[in-house]
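Trainee: Structure, please.
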Amino acid sequence: MIDPQAMYSSNGQEAWRVLAIMAEFVSAAERLRGIRPAVSMFGSARIAEGHAYYETARAIARKLSDAGFAVISGGGPGLMQAANKGAHAGRGPSVGLNIHLPHEKSDRAFQDIPVDFLYFFSRKMMFVRFASAYVVLPGGFGTLDELSECLTLVQTGKSRRIPIILVGSAFWRGLVDWMREKLVGEGMVGERDLDLMQVIDDPDETVEAIFRFYEGRGFQPTQEERERMLNL
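Mentor: Alright, predicted model coming up:
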(Lines give C-alpha, C1' and ligand atoms only; values in the text may rest on other atoms or scores of the structure.)
Protein backbone atom coordinates (compact mmCIF):
# COMPACT_ATOMS: atom_id res chain seq x y z
CA MET A 1 0.00 0.00 0.00
CA ILE A 2 1.34 3.47 -0.93
CA ASP A 3 2.03 5.71 2.05
CA PRO A 4 0.37 9.09 1.29
CA GLN A 5 3.10 10.87 3.27
CA ALA A 6 5.75 9.35 0.99
CA MET A 7 4.10 10.89 -2.06
CA TYR A 8 5.11 14.34 -0.85
CA SER A 9 8.67 13.48 0.17
CA SER A 10 11.60 14.09 -2.17
CA ASN A 11 11.99 10.33 -2.61
CA GLY A 12 8.30 10.04 -3.38
CA GLN A 13 8.54 12.74 -6.03
CA GLU A 14 11.43 10.91 -7.65
CA ALA A 15 9.41 7.69 -7.67
CA TRP A 16 6.49 9.39 -9.40
CA ARG A 17 8.88 10.97 -11.90
CA VAL A 18 10.23 7.53 -12.80
CA LEU A 19 6.67 6.35 -13.38
CA ALA A 20 6.05 9.38 -15.61
CA ILE A 21 9.12 8.54 -17.69
CA MET A 22 7.93 4.94 -17.98
CA ALA A 23 4.54 6.19 -19.14
CA GLU A 24 6.22 8.28 -21.86
CA PHE A 25 8.15 5.20 -23.02
CA VAL A 26 5.01 3.09 -23.25
CA SER A 27 2.94 5.78 -24.96
CA ALA A 28 5.63 6.68 -27.50
CA ALA A 29 6.48 3.07 -28.31
CA GLU A 30 2.81 2.38 -28.97
CA ARG A 31 2.45 5.45 -31.24
CA LEU A 32 5.59 4.60 -33.21
CA ARG A 33 5.04 0.88 -33.51
CA GLY A 34 5.15 -0.17 -37.15
CA ILE A 35 6.79 2.96 -38.61
CA ARG A 36 9.99 1.14 -39.61
CA PRO A 37 12.05 1.62 -41.66
CA ALA A 38 12.65 5.10 -40.33
CA VAL A 39 15.41 7.70 -40.51
CA SER A 40 16.04 10.16 -37.68
CA MET A 41 17.05 13.62 -38.86
CA PHE A 42 18.70 16.28 -36.70
CA GLY A 43 19.64 19.90 -37.21
CA SER A 44 19.42 23.43 -35.92
CA ALA A 45 16.12 24.94 -34.78
CA ARG A 46 17.46 28.40 -35.72
CA ILE A 47 17.70 28.05 -39.50
CA ALA A 48 14.90 29.75 -41.41
CA GLU A 49 13.15 28.65 -44.57
CA GLY A 50 15.06 29.74 -47.66
CA HIS A 51 18.48 29.01 -46.14
CA ALA A 52 20.52 26.44 -48.07
CA TYR A 53 20.57 24.11 -45.05
CA TYR A 54 16.78 24.27 -44.82
CA GLU A 55 16.28 23.41 -48.47
CA THR A 56 18.78 20.56 -48.24
CA ALA A 57 17.00 19.12 -45.21
CA ARG A 58 13.63 19.33 -46.93
CA ALA A 59 14.99 17.70 -50.11
CA ILE A 60 16.57 14.81 -48.21
CA ALA A 61 13.41 14.20 -46.19
CA ARG A 62 11.23 14.22 -49.31
CA LYS A 63 13.51 11.73 -51.05
CA LEU A 64 13.58 9.47 -47.98
CA SER A 65 9.81 9.65 -47.67
CA ASP A 66 9.27 8.84 -51.35
CA ALA A 67 11.69 5.92 -50.97
CA GLY A 68 9.44 4.44 -48.27
CA PHE A 69 11.05 5.69 -45.06
CA ALA A 70 9.34 7.33 -42.15
CA VAL A 71 11.21 10.50 -41.22
CA ILE A 72 11.63 11.32 -37.52
CA SER A 73 12.57 14.83 -36.39
CA GLY A 74 12.70 16.63 -33.08
CA GLY A 75 9.44 18.34 -33.96
CA GLY A 76 10.68 21.88 -33.54
CA PRO A 77 11.24 24.77 -35.98
CA GLY A 78 14.18 25.28 -38.31
CA LEU A 79 15.71 22.18 -39.85
CA MET A 80 13.37 19.97 -37.86
CA GLN A 81 10.44 21.68 -39.56
CA ALA A 82 12.20 21.30 -42.91
CA ALA A 83 12.53 17.55 -42.34
CA ASN A 84 8.87 17.20 -41.39
CA LYS A 85 7.78 19.37 -44.31
CA GLY A 86 9.74 17.31 -46.81
CA ALA A 87 8.51 14.00 -45.42
CA HIS A 88 4.91 15.20 -45.20
CA ALA A 89 4.93 15.93 -48.93
CA GLY A 90 6.14 12.40 -49.72
CA ARG A 91 4.83 8.86 -49.33
CA GLY A 92 6.20 7.98 -45.90
CA PRO A 93 4.95 9.34 -42.56
CA SER A 94 6.39 12.49 -41.02
CA VAL A 95 7.05 12.00 -37.29
CA GLY A 96 7.72 14.76 -34.77
CA LEU A 97 9.10 13.95 -31.31
CA ASN A 98 8.04 17.16 -29.60
CA ILE A 99 9.74 18.26 -26.38
CA HIS A 100 8.33 20.95 -24.12
CA LEU A 101 10.86 23.81 -24.02
CA PRO A 102 10.23 27.39 -22.84
CA HIS A 103 12.11 28.98 -25.76
CA GLU A 104 11.16 26.63 -28.59
CA LYS A 105 7.72 25.77 -29.92
CA SER A 106 6.83 22.66 -31.87
CA ASP A 107 5.45 23.02 -35.36
CA ARG A 108 2.88 20.27 -35.91
CA ALA A 109 1.60 21.49 -39.27
CA PHE A 110 3.70 18.94 -41.15
CA GLN A 111 3.64 16.09 -38.63
CA ASP A 112 1.57 13.05 -39.53
CA ILE A 113 2.48 11.45 -36.21
CA PRO A 114 3.16 13.94 -33.39
CA VAL A 115 4.46 12.49 -30.13
CA ASP A 116 4.84 14.69 -27.04
CA PHE A 117 7.57 14.37 -24.42
CA LEU A 118 8.33 16.09 -21.15
CA TYR A 119 11.59 14.23 -20.57
CA PHE A 120 14.62 14.30 -22.86
CA PHE A 121 15.59 10.83 -21.65
CA SER A 122 12.60 9.01 -23.11
CA ARG A 123 12.56 11.16 -26.26
CA LYS A 124 16.21 10.39 -27.04
CA MET A 125 15.51 6.69 -26.66
CA MET A 126 12.85 6.86 -29.37
CA PHE A 127 15.24 8.54 -31.83
CA VAL A 128 17.62 5.59 -31.51
CA ARG A 129 15.21 2.72 -31.09
CA PHE A 130 13.28 3.22 -34.32
CA ALA A 131 16.02 4.57 -36.60
CA SER A 132 17.54 2.62 -39.47
CA ALA A 133 19.83 5.60 -40.14
CA TYR A 134 20.83 8.98 -38.73
CA VAL A 135 21.01 12.04 -40.96
CA VAL A 136 22.74 14.88 -39.13
CA LEU A 137 22.51 18.37 -40.58
CA PRO A 138 24.29 21.48 -39.28
CA GLY A 139 23.20 22.28 -35.76
CA GLY A 140 24.12 23.34 -32.26
CA PHE A 141 24.47 21.63 -28.90
CA GLY A 142 21.34 19.51 -29.28
CA THR A 143 22.46 18.20 -32.66
CA LEU A 144 25.94 17.46 -31.34
CA ASP A 145 24.40 15.71 -28.36
CA GLU A 146 22.35 13.38 -30.56
CA LEU A 147 25.33 12.70 -32.82
CA SER A 148 27.59 11.89 -29.87
CA GLU A 149 24.93 9.69 -28.29
CA CYS A 150 24.45 7.59 -31.40
CA LEU A 151 28.18 7.27 -32.00
CA THR A 152 28.70 6.14 -28.41
CA LEU A 153 25.92 3.54 -28.52
CA VAL A 154 27.19 2.04 -31.76
CA GLN A 155 30.86 2.22 -30.74
CA THR A 156 30.19 0.40 -27.46
CA GLY A 157 27.93 -2.21 -29.05
CA LYS A 158 24.87 -1.14 -27.08
CA SER A 159 23.06 -0.38 -30.33
CA ARG A 160 23.19 -1.96 -33.77
CA ARG A 161 25.32 -0.27 -36.39
CA ILE A 162 23.38 2.04 -38.68
CA PRO A 163 24.46 4.66 -41.22
CA ILE A 164 25.39 7.95 -39.52
CA ILE A 165 25.55 10.61 -42.21
CA LEU A 166 26.79 14.16 -41.62
CA VAL A 167 25.31 16.42 -44.29
CA GLY A 168 27.42 19.40 -45.32
CA SER A 169 31.18 18.95 -45.66
CA ALA A 170 31.87 22.68 -45.21
CA PHE A 171 30.17 22.58 -41.82
CA TRP A 172 31.35 19.21 -40.50
CA ARG A 173 34.82 18.78 -41.95
CA GLY A 174 36.53 20.81 -39.23
CA LEU A 175 34.96 18.64 -36.51
CA VAL A 176 35.92 15.42 -38.26
CA ASP A 177 39.48 16.68 -38.78
CA TRP A 178 39.66 17.59 -35.08
CA MET A 179 38.43 14.12 -34.14
CA ARG A 180 41.09 12.56 -36.31
CA GLU A 181 43.85 14.80 -34.97
CA LYS A 182 42.89 14.86 -31.30
CA LEU A 183 40.64 11.90 -30.52
CA VAL A 184 42.41 9.38 -32.70
CA GLY A 185 45.81 11.06 -32.44
CA GLU A 186 45.78 11.01 -28.66
CA GLY A 187 44.24 7.56 -28.35
CA MET A 188 40.80 8.63 -27.15
CA VAL A 189 39.06 6.59 -29.88
CA GLY A 190 40.24 4.07 -32.45
CA GLU A 191 40.88 5.08 -36.03
CA ARG A 192 38.09 2.76 -37.21
CA ASP A 193 35.63 4.55 -34.94
CA LEU A 194 35.61 7.46 -37.39
CA ASP A 195 34.35 5.03 -40.03
CA LEU A 196 31.04 5.01 -38.15
CA MET A 197 30.34 8.37 -39.84
CA GLN A 198 30.39 9.57 -43.40
CA VAL A 199 30.20 13.13 -44.71
CA ILE A 200 27.93 13.72 -47.71
CA ASP A 201 26.69 16.88 -49.43
CA ASP A 202 24.18 15.68 -52.00
CA PRO A 203 20.60 14.63 -51.05
CA ASP A 204 20.53 11.81 -53.64
CA GLU A 205 23.85 10.47 -52.40
CA THR A 206 22.53 10.56 -48.84
CA VAL A 207 19.62 8.28 -49.72
CA GLU A 208 21.83 6.04 -51.86
CA ALA A 209 24.29 5.63 -48.97
CA ILE A 210 21.52 4.34 -46.72
CA PHE A 211 20.33 1.81 -49.30
CA ARG A 212 23.92 0.76 -50.01
CA PHE A 213 24.49 0.07 -46.31
CA TYR A 214 21.54 -2.33 -46.25
CA GLU A 215 22.37 -4.21 -49.45
CA GLY A 216 22.15 -7.92 -48.72
CA ARG A 217 20.04 -7.55 -45.59
CA GLY A 218 16.67 -6.12 -44.70
CA PHE A 219 16.00 -2.90 -42.86
CA GLN A 220 14.41 -4.76 -39.95
CA PRO A 221 16.78 -5.51 -37.06
CA THR A 222 17.79 -9.13 -36.54
CA GLN A 223 16.69 -11.00 -33.42
CA GLU A 224 20.13 -10.45 -31.89
CA GLU A 225 19.91 -6.72 -32.66
CA ARG A 226 16.43 -6.54 -31.12
CA GLU A 227 17.76 -8.11 -27.93
CA ARG A 228 20.62 -5.62 -27.87
CA MET A 229 18.25 -2.69 -28.32
CA LEU A 230 16.23 -3.83 -25.31
CA ASN A 231 19.33 -3.24 -23.17
CA LEU A 232 20.07 0.33 -24.29
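Trainee: where do the strands sit along this structure?
Mentor: In the chain, the segments counted as strands under DSSP state E are 38-42, 70-73, 94-99, 113-117, 133-136, 164-167, 197-200.
Trainee: hey, which of those is tucked in deepest?
Mentor: Most buried of those, by mean neighbour count (mean count of other C-beta atoms under 10 Å): strand 70-73, with a mean of 29. (Each C-beta comes from the backbone N, C-alpha and C, glycine too.)
Trainee: so can I have JSON lines of the strands of the chain showing distance to G185?
Mentor: Listed next are these as JSON lines, based on distance: least, C-beta to C-beta, whole Å:
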{"stretch": "strand 38-42", "distance to G185": "27"}
{"stretch": "strand 70-73", "distance to G185": "34"}
{"stretch": "strand 94-99", "distance to G185": "36"}
{"stretch": "strand 113-117", "distance to G185": "38"}
{"stretch": "strand 133-136", "distance to G185": "23"}
{"stretch": "strand 164-167", "distance to G185": "20"}
{"stretch": "strand 197-200", "distance to G185": "17"}
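Trainee: can you list the ones you listed in a markdown table and add mean pLDDT and distance to G190?
Mentor: Listed next are these as a markdown table, based on pLDDT from 0 to 100; distance: least, C-beta to C-beta, whole Å:
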| stretch | mean pLDDT | distance to G190 |
| --- | --- | --- |
| strand 38-42 | 97 | 24 |
| strand 70-73 | 97 | 29 |
| strand 94-99 | 94 | 31 |
| strand 113-117 | 93 | 34 |
| strand 133-136 | 98 | 20 |
| strand 164-167 | 98 | 16 |
| strand 197-200 | 98 | 13 |
